[in-house]
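> I'd like to go over a predicted model; first the sequence, then the structure.
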Amino acid sequence: MSAQYIAAIDQGTTSSRCIVFDGDGRIVSVGQREHRQIFPQPGWVEHDASEIWENVQTVITEALDNGSLSRDQIAAVGITNQRETTVVWDRETGEPVHNAIVWQDTRTDSLIQELAGVVGQERFRERCGLPLATYFSGPKLRWLLNEVPGLQERAERGEVLFGTMETWIIWKLTGRHVTDVTNASRTMLMNLHSLDWDSDILAAMGIPGVILPEITSSAEVYGEATGFLAGVPVASALGDQHAALFGQTCFSPGDVKGTYGTGTFLVLNTGTEPVMSSNGLLTTLGYKIGDQPAVYALEGSIAVTGSLVQWIRDNLGIISSAAEIETLARTVDDNGGCYIVPAFSGLFAPHWRSDARGIMTGLTGYVTKAHIARAVLEASAWQTREVVDAMRQDSGADMSDLRVDGGMTADNLLMQILADVLDVDVVRPMVAETTCLGAAYAAGLAVGYWPDLESLRAKWHKAAEWSPQMPDEVRDREYRNWRKAVNRSLGWLEHEDV
């Protein structure tokens, strides 16, 4: 029998990829294609779901070709995806009724205010773990039902189907209409305790249950693919941040990972009981393997980290490439008293303040572009510290280290600054593609390619580690200054400005 491999489809915000892994969790081959970003008006972001499906087929073929692999060498395929991005399609024709509405899209702002009513942002949190926000897919679905002519009536007749991107891809591959618990937990429509659609929330939002997918575990065989992957089991689905948690083998309560890209997402394993946050975090699913108990998590989302580096490159011209920021920042020993709060469109966790705007403060004639570069890196670290403090307060967990992944982790100075401000070890793994790896691990478990979680844990190896070096009094002083800077960013946008 020829060697067997696991394929993972990563349907992301800007591109779709397929990565093939071997039995040691190492990358064998990759295929990748970008898709269009559609901006109909300010604050609106859309994708063409049909274009994405075409790209998914292409990248799978590319990955197989690049690895000189045949279809029968793929033991299973798993899927990870941009979360909250919402698509509705015709049950008979398979054609989307509208472009997919992307997680970044803010068109549901007035709808969110309407749903909040006199109760406020926390109206559904006890049931779904989430505050009312434009981020989540339930309100995006409500918007489509309101705005696409005749769609509400068609939905009530069951003529259309709703899903996030993994649901769309699984349906195209197998014909089965399912979502996993991690993606369902980001809709605002799933009850965290029952792991089923919440009838009271559906009624409040006016969403017909008949269009919703079946909620499944994150690792089970949903069906066999047809067409170009005919016969290959489709065997996992995890939202991207949940997949990264799984790929980092954060299988024990208290384990936490941070993914550093355009923004940053920290996810803490809290075990088999949901922990409701009192400190601005999201209660979500970590993963669910087959018929085993679901594992819950707390998540802190930071809107602007890597994109701040892009901003000083593209808008200010302080650097000409993202990699230059480390070199420039290393020419000084500190930030020179300069602090940057990158609240370009408000602050996410733990503040959730849409009225905040970005500031650069503490400026004196002493500050140079090198100090600004250092302050940019420190902004990512201090935002992480705020989320980690909230996680500690909500969960009582004493974090021993932070497992990191994503493009920004190539910046060794940033990793050292993170270790310093968190006062914990920061660890980067050998395989940086932890999102795809997590989807592959879950699919492999579902088909017996790997036997259990312990076998996966044994495959995790550190590539680099940073330990704290900053004196306590310096850390405390700098954190106080950071919090002063955050306070100055709040309340910038007043109601009459909107």
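Nice, thanks for sending it over. Numbering: from 1, shown residues only.
> what sits closest to Leu189 if chain neighbours are left out?
Residue nearest to Leu189 in three dimensions, not counting chain neighbours: Gly138, with 4.6 Å by Cβ to Cβ, 6 or more residues apart in numbering. Where you see a C-beta, it was placed from the backbone N, CA and C, and this is true even at glycine.
> in the helix or strand in which that neighbour is found, which residues are buried?
Taking DSSP states H and E as the criterion, Gly138 maps to helix 137-147. Buried residues in helix 137-147, defined by neighbour count with 16 or more other Cβ atoms under 10 Å: 137-145.
> before we move on, what about stretch 99-115?
99-108, 111-112, 115.
> just send those back as TSV, with distance to Arg475 too.
Listed next are the buried residues of stretch 99-115 as TSV, based on distance: Cβ to Cβ, whole Å:
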residue	distance to Arg475
Asn99	46
Ala100	43
Ile101	42
Val102	37
Trp103	34
Gln104	33
Asp105	38
Thr106	35
Arg107	41
Thr108	39
Leu111	42
Ile112	37
Leu115	41
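> biggest separation within the residues you listed, which pair?
Asn99 and Leu115 (22.9 Å; Cβ to Cβ).
> centroid-nearest residue for this protein?
Gln241 (3.9 Å; Cα atoms, centre = their mean).
> wait, that residue touches Arg83, no?
Yes. With contact defined as Cβ atoms under 8 Å, Gln241 reaches Arg83; the gap is 7.1 Å.
> if we can go back for a sec, tell me which of the buried residues of stretch 99-115 is nearest to Asn66?
The closest of these to Asn66 turns out to be Ala100 (Cβ to Cβ; 27.6 Å).
> relative to Glu92, how far out is the closest one?
Noted for Ala100: a distance of 19 Å to Glu92, by Cβ to Cβ, to the nearest Å.
> tell me which residues of the helix or strand just after the helix holding Gly138 are tucked away?
Moving toward the C-terminus from helix 137-147, the next helix or strand (DSSP H and E) is helix 151-156. Under the neighbour-count criterion of 16+ other Cβ under 10 Å, helix 151-156 has 151-152, 154-155 buried.
> including pLDDT and distance to Glu378, could the residues you listed go into a markdown table?
Output for the buried residues of helix 151-156, formatted as a markdown table (pLDDT from 0 to 100; distance: Cβ to Cβ, whole Å):
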| residue | pLDDT | distance to Glu378 |
| --- | --- | --- |
| Leu151 | 96 | 47 |
| Gln152 | 95 | 49 |
| Arg154 | 95 | 51 |
| Ala155 | 96 | 48 |
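> looks like Trp103 contacts Tyr135 (just checking).
Yes. Trp103 lies in contact with Tyr135 (Cβ under 8 Å); the separation is 6.3 Å.
> shared neighbours of these two, which are they?
Applying Cβ atoms under 8 Å, 6 or more residues apart in numbering, one finds that Trp103 and Tyr135 are jointly contacted by Glu84.
> got the contact list for the closest residue to Arg357 other than its chain neighbours?
Spatial nearest neighbour of Arg357, chain neighbours left out: Trp492 (4.0 Å); criterion: Cβ to Cβ, 6+ apart. Residues in contact with Trp492 (Cβ under 8 Å, 6+ apart) are 343, 355-357, 359.
> cool, Glu62 as well?
18, 30-33.
> of these - the most surrounded one?
Cys18 (27 neighbours; other Cβ atoms under 10 Å).
> can you give me the distance of that residue to Val234?
Taking Cβ to Cβ, one finds Cys18 at 13 Å from Val234.
> mind checking which helix or strand of this structure has the lowest mean pLDDT?
helix 109-116 (a mean of 87; mean pLDDT, DSSP states H and E).
> for that one, packing partners?
Judged by 3 or more Cβ pairs under 8 Å, 6 or more residues apart in numbering; DSSP states H and E, helix 109-116 is in contact with helix 137-147.
> dump the helix it packs on to CSV, keeping only the CA atoms.
Taking Å, rounded to 0.1, in the frame of the first residue of the first chain, the C-alpha atoms of helix 137-147 are listed here in CSV:
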residue,chain,number,x,y,z
SER,A,137,-22.7,35.5,11.9
GLY,A,138,-26.3,35.4,13.3
PRO,A,139,-26.9,39.1,12.8
LYS,A,140,-25.3,38.9,9.3
LEU,A,141,-27.9,36.2,8.4
ARG,A,142,-30.7,38.4,9.8
TRP,A,143,-29.4,41.2,7.5
LEU,A,144,-29.6,39.0,4.5
LEU,A,145,-33.1,37.8,5.3
ASN,A,146,-34.1,41.4,5.6
GLU,A,147,-32.4,42.8,2.6
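> report all helices and strands that that helix contacts.
strand 86-90, strand 100-101, helix 109-116, helix 151-156, helix 199-205.
> got a list of contacts for that helix?
83-86, 88, 97-98, 101, 103, 105, 107-108, 111-112, 115, 132, 151-152, 155, 162, 164, 186-189, 201, 205-207.
> how about whatever helix or strand comes next after the least confident helix or strand of the chain: buried residues?
Once the chain leaves helix 109-116, the next helix or strand it forms, by DSSP H and E, is helix 125-128. For helix 125-128, a neighbour-count test (16+ other Cβ under 10 Å) marks 125, 127-128 as buried.
> same check on stretch 194-203?
Using 16+ other Cβ under 10 Å as the test for burial, stretch 194-203 gives 195, 197-198, 201.
> over to stretch 39-49?
If you call a residue buried by 16+ other Cβ under 10 Å, then stretch 39-49 has these buried ones: 45-49.
> list the contacts of that stretch.
So stretch 39-49 is contacted by 35-38, 85, 87, 89, 96, 99-102, 104-107, 109, 165, 168 (Cβ under 8 Å, 6+ apart).
> try stretch 20-37
Contacts to stretch 20-37, defined as Cβ under 8 Å, 6+ apart, come from residues 3-8, 14-19, 45, 47-48, 51-52, 55, 58-67, 69, 74, 431, 433, 436-437, 440-441, 449-450, 456, 459.
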